[in-house]
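S.K.: compute the structure for the input listed below.
(one chain, ligands or ions: 3)
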Amino acid sequence: MEKPSRLLCSELCVQRRLFEVTLNRTALAWKDTEITKKHTGRAIYGAVKAGIHCVPVCEIIAVQEKEDDSPCKDTGKWQKVPPSPADSYQHAFTVFYVERMRQHCWRCSNVTFHCSEHSTCLLWVQTIREQLALLTNRPKNLLVYINPYGGKQRGKQIYDHKVSPIFSQASISTDVIVTERANHARDHLKMEADLKKYDGVVCVGGDGMFSEIMHGLVSRTQQEAGVDDNSTEETLMPCGLRIGIIPAGSTDCICYATVGSNDPVTSALHIVVGDSQPMDVCSVHNEDHFLRYSVSLLGYGFYGDVLTDSERKRWMGPARYDISGVKTFLSHRYYEGTVSFLPAEGNSGTPRDKMLCRSGCSICQQSSSDDLVSKNEDSVSDAECQDTWTVIRGKFLAINAASMSCACPRSPKGLSPSAHLADGSTDLILVRKCSRLNFLCHLLRHTNKKDQFDHSFVEVYRVKQFRFTPRYQECDSEVDLRESGATGKQFLSQICKEHRACGCMPSQSNWNCDGEILPHTAIQVRVHNQLIKLFARGIEEQPVFEDPFAHCAI
Ligand SMILES: Nc1ncnc2c1ncn2[C@@H]1O[C@H](COP(=O)(O)OP(=O)(O)OP(=O)(O)O)[C@@H](O)[C@H]1O
Ligand SMILES: CCCCCCCCCCCCC/C=C/[C@@H](O)[C@H](CO)NC(=O)CCCCC
Ligand SMILES: [Ca+2]
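M.R.: Numbering: from 1, shown residues only. Ligands and ions are numbered 1, 2, ... in the order given. Next comes the predicted model:
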């Protein structure tokens, strides 16, 4: 690989030691001249590595000239150190850059370079700024929505103290709206916001707040493109603006599954460096009526019931999910119905393979190019392709569709650990009626390393469309009764008579759609490949040993 040519090379001082500092188009590197002199010309890698630092240009956040940084004017420590050649390095500039910490967290680190000439200092600041200006994927203007009541109600504080200073440092200008009611952000985005002014939208809150922003942006994009969102057949128009998530909610599973942590500073830094992660969106319809979009979990049965119960306990904050989770588990309700689905095609893998979706995921990249090819080959509807629907009837404790892993602190590998963020499919998980003990075992496996799908009562399918009809809506006698105009009382008493023999009640659950309860139980779901983009890059692989200086021309 050809090394990029050097833009600058100077001998500068860092913490009173001399360094050879170089800048090329891809990296800034500084090499301790004392350490490297001892090993002149010899590639004793470990020793040389000890004296070399390297930062990719795309991970530099900002550069600032440091005024009046003469060591002689400092008091305390500087004065006590004996005079050294470094004392003549009176001009300084500071480079702020991304540093990786544990568990996918990023921090803003900095290094100050001291120069002997003011002109050298200015040249370095100007040249680094020029290189940063070439990074066109970085946002300059952002529209920020803060939910002051999400999670532990710390959204405003988190933004003001942890995020806003990073945006200012990176010269990003912002228009900030603190929401005053539920759906304020969605409506503003859908109908009012002048989106031409911005390079992205930032959401400070939890999964619910993200959902509002995603709905606002997707709906606005469809409106402007003249796409009817009530139609289940139409191809939706992808959104142009990226969405950044500053986690300040109860679950934050979208942030966690796309960045690898729920740390606000990490998210702010992914926004600053202009990351881009495409993401699938499911549309959910009841007949020809659009209900909602979903990016994480569509859950009927267990997760629908947990959510329904937890909504009455909002005042408890994030703990409501644990209380409602235990209560729902103990109630052990099952639901009858029919699930039909169209399997995902091509090289999409299966929910039980171990191909985890990580930064630069090849399966997601492949799916976007497949999508382009199929669009160019003239859009033919699924029915015309004669895709065959698989139909499964049964009694289920839970029917879940995970369009992404849904990893979160509660379940670090998630509901479907191998689900992909942007492959155009969702993982359909059917948990059939089983004993309490078996179900508990399945649930607990979400929290440890064991395979939660390795049970006889669990089936998983990777699908691009699915439908669900609850039993009580498909039973002929019930349909007949409804159509005969029976009153509510007559209707219920007839159902009770019919079900007395089997000892069960035909109960119904609700769909949990990314944390919102849907008003219908019979639904049709279709995955739209890479409809939106986030300021994220997917979860980075844990560092394996690699030459960190491979891209440094030093
Ligand atoms: N100013 C506001 N007042 C009341 N509700 C709001 C306001 N702004 C946003 N909301 C609503 O609050 C809900 C919860 O917000 P958010 O997702 O930020 O927090 P959360 O506690 O994590 O909730 P969730 O469990 O849904 O993730 C969202 O559905 C959003 O529509
Ligand atoms: C009895 C022991 C039980 C242990 C089970 C642990 C299983 C945890 C799986 C976690 C799955 C999270 C799925 C995320 C769904 C989000 O779109 C949604 C919105 O925030 N959250 C919920 O509905 C909140 C749902 C919270 C569920 C607990
Ligand atoms: Ca997916």
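S.K.: and the closest residue to residue 229 other than its chain neighbours, how far is that from residue 136?
M.R.: Ranked by CB to CB, 6 or more residues apart in numbering and with sequence neighbours excluded, the top spatial neighbour of residue 229 is residue 290, at 4.6 Å. (Each C-beta comes from the backbone N, C-alpha and C, glycine too.) Noted for residue 290: a distance of 35 Å to residue 136, by CB to CB, to the nearest Å.
S.K.: more crowded one of the two?
M.R.: Counting neighbours by other CB atoms under 10 Å for residue 290 and for residue 136 shows that residue 290 has the greater number, 16 against 7.
S.K.: next secondary structure after the helix or strand containing that one?
M.R.: Using DSSP states H and E, the secondary-structure element containing residue 290 is strand 289-294. Downstream of strand 289-294, the next assigned helix or strand under DSSP H and E is strand 297-301.
S.K.: that following strand vs ligand 1: in contact?
M.R.: No - for strand 297-301 and ligand 1, the contact criterion (CB under 6 Å from any ligand atom) is not met; the two come no nearer than 11.4 Å.
S.K.: ok, and does that strand reach over to ligand 2?
M.R.: Yes - Strand 297-301 lies within reach of ligand 2 by CB under 6 Å from any ligand atom, at residue 297.
S.K.: domain-wise, how is the chain divided?
M.R.: Following automatic domain parsing, one finds the domains of the chain at 6-133, 138-276+535-540, 281-372+387-529.
S.K.: highest mean neighbour count out of these?
M.R.: Relative to the other members of those, domain 138-276+535-540 carries the highest mean neighbour count by mean count of other CB atoms under 10 Å, namely a mean of 20.
S.K.: same question for that domain, mean pLDDT?
M.R.: Summarised as a single mean, pLDDT over domain 138-276+535-540 is 96.
S.K.: now swap in stretch 26-41 and tell me
M.R.: In this model, stretch 26-41 has a mean pLDDT of 74.
S.K.: what sits opposite residue 396 in the beta ladder?
M.R.: The residues listed as beta-bridge partners of residue 396 by DSSP bridges are residue 335, residue 432.
S.K.: residues in contact with it?
M.R.: If a contact means CB atoms under 8 Å, 6 or more residues apart in numbering, then residue 396 has 300, 301, 334, 335, 336, 337, 339, 430, 431, 432, 433 as its contacts.
S.K.: what is the nearest of those residues to residue 443?
M.R.: residue 431 (9.3 Å; CB to CB).
S.K.: any idea how far residue 401 is from ligand 1?
M.R.: Applying CB to the nearest ligand atom, to the nearest Å, one obtains 18 Å for the distance of residue 401 from ligand 1.
S.K.: check residue 538 too.
M.R.: With the distance defined as CB to the nearest ligand atom, residue 538 ends up 21 Å from ligand 1.
S.K.: the closest residue to that residue other than its chain neighbours in helix, strand or coil?
M.R.: Of all residues not flanking residue 538 in the chain, residue 359 sits nearest, at 4.2 Å (CB to CB, 6+ apart). Here residue 359 is coil, with the state taken from DSSP: H, G, I helix; E, B strand; the rest coil.
S.K.: now do the one 4 residues further on
M.R.: Taking three-state DSSP as the rule, one finds residue 363 in the helix state.
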